[in-house]
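[1] turn this into a structure:
(chains A and B)
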Amino acid sequence: DAEITQSPRHKIIETGRQVTLACHQTWNHNNMFWYRQDLGHGLRLIHYSYGVHDTNKGEVSDGYSVSRSNTEDLPLTLESAASSQTSVYFCASKEGRGTYNEQFFGPGTRLTVL
Amino acid sequence: DAKTTQPNSMESNEEEPVHLPCNHSTISGTDYIHWYRQLPSQGPEYVIHGLTSNVNNRMASLAIAEDRKSSTLILHRATLRDAAVYYCILTTGNQFYFGTGTSLTVIP
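    Next up is the predicted model:
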């Protein structure tokens, strides 16, 4: 069965370090998304991609970057982690650009920045 | 950006119907209404979506007001496995805008 996976599931890093969160989907979806989830804020969009070599900023993109070199993967990089980036991160993918298309979410990565 | 308003929490007895309301007074004509739910320690999962007409699927029903400024997610018989946070989302373009959702507690 097709799926979307994230790794690692849990990560603890020191302030100022760089970290990359992996997202891999086997749905062959062109559209992929990264969200963060914090108490009291629901999910907020960080970055998204409509296809290979395409990336776009979302609502809370400062301090994050993504790259899309193939259809299956959209890694999220924190160049210099800050304590404010402690959060749960979710990756999602979607088949088409239509507003009616369902998003499929990964299980999440819990990141703690000390 | 279009936004939604939902109650923070609701309770339901097991095996009874649940009506989860959502207000979206600034909805535009092309916005779809999506509902997702998030079980504890999991990613959100799709429940149902609609544009103008009421919709039914195996999980739930979606009732959309005639002016589209509100909608209601209906779980016909709540089970303990339905305890989750339910998000009402308007899709603008290719993006989803999540609010804080309604935390549903199902009482045995």
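[2] next helix or strand past the longest strand seen in chain B?
    The strand that spans the most residues within chain B, counting by DSSP state E, is strand B:84-92. The first helix or strand that comes after strand B:84-92 along the chain, using DSSP states H and E, is strand B:95-97.
[3] output the below-cut-off pLDDT ranges for the chain.
    Using chain A. A:99 (pLDDT under 70).
[4] looking at chain B here, not the other one
    Short version for chain B, where the test is pLDDT under 70: B:1-2, B:93-94.
[5] closest point of it to chain A, which residue?
    B:G43 (3.3 Å; C-beta to the nearest C-beta). Where you see a C-beta, it was placed from the backbone N, CA and C, and this is true even at glycine.
[6] just checking, that residue touches A:P107?
    Yes: at 5.5 Å, B:G43 counts as touching A:P107 under the criterion of C-beta atoms under 8 Å.
[7] higher neighbour count, the two?
    For B:G43 versus A:P107, neighbours defined as other C-beta atoms under 10 Å in any protein chain shown are more numerous around B:G43 (22 against 15).
[8] on the three-state scheme, that one is what?
    Using DSSP: H, G, I helix; E, B strand; the rest coil, the structure places B:G43 in coil.
[9] contacting residues for it?
    Applying C-beta atoms under 8 Å, 6 or more residues apart in numbering or on different chains to B:G43 gives the contacts A:F90, A:A92, A:F105, A:G106, A:P107, A:G108.
[10] one more: A:F105?
    A:I4, A:F90, A:C91, A:A92, B:G43, B:P44, B:E45.
[11] which pair in those residues spans the largest distance?
    Greatest spacing in the contacts of A:F105, by C-beta to C-beta: A:C91 and B:E45 (13.9 Å).
[12] those two: which is more packed in?
    Here A:C91 and B:E45 are compared on neighbour count by other C-beta under 10 Å; more neighbours surround A:C91, at 28 against 15.
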